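[1] 3D model of this:
(one chain, ligands or ions: 1)
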Amino acid sequence: MSIAEKAAQLRSLVRLISDSAEAVIAEWETEGDTPHDVSLVPRLPSKELFEARRVFIGACGMGMDLVHDPFVRMTEVAASFYNSQALRIAAETRIADALKDANPQKGVSVQEISRQVGIAPEGLSKILRTLSSLHIFAEVEENFYCNTNTSRHLVNNEPLRCWLMVHCMETFTAAGKLPQVLYNTVGKPSTGLRSAFQTAYDYTGSVWEWIEESIVQPDGTVGPRPELDIWLTGMWKFGLEHVQAPAVCLDFPWEAVGSKTVVDVGAGVGGMSFELATRYPKLQFVVQDRPVILEKAKEFWTSSLPDAGVKNRVRFHPQNFFEEQSVKGADIYILRHIMHDWADDECVTILKSLREAMGPESLILVADNVMQTTAGSPHLKPAPAPLPANYGFAHTFANMHDLLMFSMFNGGERTVGGFESLAVRAGLKVTRVWECRGFTSLTEMKRDDHVA
Ligand SMILES: C[S@@+](CC[C@H](N)C(=O)[O-])C[C@H]1O[C@@H](n2cnc3c(N)ncnc32)[C@H](O)[C@@H]1O
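    The predicted model follows:
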């Protein structure tokens with residue numbers, strides 16, 4: 001790229017940053033200063049704020065790449081696992097809680113934090129400095145720290161704390177085996193491939209089996225792994241309920257579905273159905289999963305029920321999604337965070353069993369991240385130039401989750417093309433992608449003989 005081209009690109013990026021920053025400020029002003037309990041659900045951004053944010057983040061990232069020394073930039077990416085481990089340590093030892101009453105002008109000394117979190121001051125200040133440079137904490141004077149607007153969200157927030165830890169414990173160990181797994185895949189079928197997780201832990205079962213296993217406790221008794229609670233709280237209470245659910249429940253015309261039946265396939269405790277049931281009073285639900293999980297689902301619905309009317313709209317059916325689907329001709333079959341846990345062949349088996357059960361007008365909604373590539377897709381909104389079509393840096397979370405799913409399950413997030421090829425193999429077609437204001441979108445599939 002010539003100097004003139006680089007300069008033109010940088011000026012375009014600065015214009016994008018400036019325009020999107022004004023859009024963000026305008027949205028902040030519309031929202032006003034109404035207090036929002038940060039320990040609860042992150043606020044779903046307006047469509048304008050969602051768009052302005054991703055343009056701003058994408059443009060800042062691309063601008064940074066442009067002006068940075070390439071050697072330093074790549075070295076920083078190569079060593080960024082230290083950032084991940086620093087945050088893991090902060091979450092694990094509850095540093096944000098230790099700072100919750102800190103005076104923002106004075107902060108708390110590293111010696112005092114050390115007493116509360118159990119890490120020697122020398123190492124602790126390295127962790128806190130690393131995270132202060134990333135704006136997650138702030139160093140107000142040498143070796144005195146306080147929370148920032150970012151770390152404040154972690155105070156007394158067990159679901160978020162666990163959600164962060166899920167991203168840097170077993171997943172971190174598994175990621176270390178990714179090269180070994182990838183270098184051995186050429187010419188081999190994806191089914192039956194040993195995942196990076198299985199390689200790292202020398203384990204033949206699935207991640208879920210490993211987490212649910214009983215182990216010998218420090219006192220010699222047998223009990224659940226300590227990781228179980230972290231996964232359940234992080235994934236279910238934060239990940240599924242807060243990160244994934246709200247946009248999917250609001251950015252599809254559920255109101256128009258009326259009193260039709262939604263079959264929640266591999267529903268877990270039925271979190272997706274539960275969210276929909278509380279928002280849309282006419283929808284009917286069938287919650288399906290393995291029998292052992294359905295027992296937890298019944299407990300969850302009984303303990304969280306806002307009113308008896310919701311309970312009357314849900315039925316619980318044991319169902320192995322690799323076998324014949326028992327509910328025939330349902331209006332909607334929903335698969336939330338199922339497909340990304342499986343390799344292509346297994347996904348095709350799941351979809352085929354639904355295809356056989358579908359009526360002519362039945363719909364499948366796959367609720368998963370839809371990967372946008374830098375080259376773009378006719379089904380997805382592209383970013384404004386000169387950003388790559390997928391908004392570049394603003395797509396980082398999706399790329400990381402793709403690698404995470406691959407490392408842990410041999411699964412992964414899929415592009416629209418990826419969903420289309422699964423659909424074709426199962427006798428279906430992708431009819432629309434509903435882009436949602438969040439990590440998860442909805443890919444709609446119908447029978448391949450469906451006439452519009
Ligand atoms: C990542 S969880 C997603 C749960 C739920 N769809 C949600 O979004 O909250 C994957 C679910 O698939 C279920 N599952 C795994 N294998 C299954 C099978 N063969 N048949 C039915 N469900 C299965 C698990 O029990 C688990 O509840």
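
[2] so what touches the helix or strand harbouring Glu346?
    With secondary structure defined by DSSP states H and E, Glu346 is part of helix 344-357. Applying Cβ atoms under 8 Å, 6 or more residues apart in numbering, the set of residues contacting helix 344-357 from outside is 189-191, 265, 321-330, 333, 335, 338-339, 342, 364, 421-423, 425-428, 445, 447. (Each C-beta comes from the backbone N, C-alpha and C, glycine too.)

[3] for stretch 67-78, same thing?
    Under the contact criterion Cβ under 8 Å, 6+ apart, stretch 67-78 has outside partners Leu10, Met64, Asp65.

[4] and for stretch 254-271?
    Stretch 254-271 is contacted from outside by 236, 240-241, 245, 272-273, 276, 279-280, 282-289, 293, 296-297, 300-301, 314, 316, 319, 321, 325, 327, 330-336, 338, 350, 354, using Cβ under 8 Å, 6+ apart.

[5] measure that stretch end to end?
    The first residue of stretch 254-271 is 16 Å away from its last residue (Cα to Cα, to the nearest Å).

[6] try stretch 62-75
    17 Å.

[7] with stretch 132-146 instead?
    End to end - Cα to Cα - stretch 132-146 spans 9 Å.

[8] now swap in stretch 140-148 and tell me
    This stretch, stretch 140-148, spans 11 Å end to end (Cα to Cα).

[9] residues of it that come out buried?
    Val140, Asn143, Phe144, Tyr145, Cys146, Asn147, Thr148 (16 or more other Cβ atoms under 10 Å).

[10] same thing with stretch 3-15?
    Those would be Gln9, Ser12, Leu13, for stretch 3-15 by 16+ other Cβ under 10 Å.

[11] quick one: contacts of it?
    Stretch 3-15 is contacted by residues Met1, Ala59, Met62, Gly63, Leu66, Val67, Ala385, Pro386 when judged by Cβ under 8 Å, 6+ apart.

[12] ok, then the element right after the longest helix along the chain?
    As assigned by DSSP state H, the longest helix anywhere in the chain is helix 3-31. The element immediately downstream of helix 3-31 (helix or strand, assigned by DSSP H and E) is helix 47-67.

[13] and whichever helix or strand comes after that following helix, average pLDDT?
    Later in the chain than helix 47-67, the nearest helix or strand by DSSP H and E is helix 70-78. For helix 70-78, mean pLDDT is 97.

[14] got the angle between helix 70-78 and helix 47-67?
    Taking axes from the mean of the first three to the mean of the last three Cα atoms, to 10 degrees, one finds helix 70-78 and helix 47-67 inclined to each other by 130 degrees.

[15] got the contact list for the helix or strand following helix 70-78?
    Counting by DSSP H and E, the element after helix 70-78 in chain order, helix or strand, is helix 81-92. Residues from elsewhere that reach helix 81-92 (Cβ under 8 Å, 6+ apart): 95-96, 119, 127-128, 130-131, 134, 136-137, 151, 154, 161, 164-165, 167-169, 172.

[16] and stretch 113-131, by the same measure?
    Contacts with stretch 113-131, where a contact means Cβ under 8 Å, 6+ apart, come from 82-83, 86-87, 89-90, 93-95, 98-99, 110-111, 137, 139, 143, 145, 151.

[17] picking that back up, from the contacts of helix 81-92, which would you call buried?
    Buried by 16+ other Cβ under 10 Å: 95-96, 119, 127-128, 130-131, 136-137, 151, 154, 161, 164-165, 167-169, 172, out of these.

[18] just checking, Asn184 is part of a helix?
    No: under DSSP: H, G, I helix; E, B strand; the rest coil, Asn184 sits outside any helix and is assigned coil.

[19] pLDDT of stretch 110-129, averaged?
    Stretch 110-129 shows a mean pLDDT of 97.

[20] actually, stretch 210-219.
    Here stretch 210-219 scores 88 as its mean pLDDT.

[21] residues of it that come out buried?
    Buried residues in stretch 210-219, defined by neighbour count with 16+ other Cβ under 10 Å: Trp210, Ile211.

[22] what's the answer for stretch 47-64, then?
    Under the neighbour-count criterion of 16+ other Cβ under 10 Å, stretch 47-64 has 49-63 buried.

[23] what lies in contact with it?
    Stretch 47-64 is contacted by residues 10, 13-14, 16-17, 19-21, 23-24, 26-27, 45, 73, 383-384, 386-388, 391-396, 437 when judged by Cβ under 8 Å, 6+ apart.

[24] could you give me the ChimeraX selection string for whichever of those are buried?
    In ChimeraX syntax, the buried subset of the contacts of stretch 47-64 is picked out as below (16+ other Cβ under 10 Å):
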select :13,16,17,20,23,24,27,45,383,384,386,387,388,391,392,393,394,395,437
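
[25] burial check on the residue of the stretch 201-350 of the chain found nearest the ligand, number of neighbours?
    Going by Cβ to the nearest ligand atom, the ligand is nearest to Gly268 of the stretch 201-350 of the chain, at 3.0 Å. Counted with other Cβ atoms under 10 Å, the neighbours of Gly268 add up to 22.

[26] what's the pLDDT at it?
    On pLDDT, Gly268 comes in at 86.

[27] following element in sequence after the lowest-mean-pLDDT helix or strand in the chain, please.
    When the helices and strands of the chain are compared on mean pLDDT, DSSP states H and E, helix 308-311 comes out lowest with a mean of 69. Per DSSP H and E, the first helix or strand lying C-terminal to helix 308-311 is strand 314-318.

[28] chain center to that following strand: distance?
    How far strand 314-318 lies from its chain's middle: 26 Å, per Cα atoms, centre = their mean, to the nearest Å.

[29] buried ones in that strand, by neighbour count?
    Within strand 314-318, the residues scored as buried using 16+ other Cβ under 10 Å are Val314, Phe316, His317.
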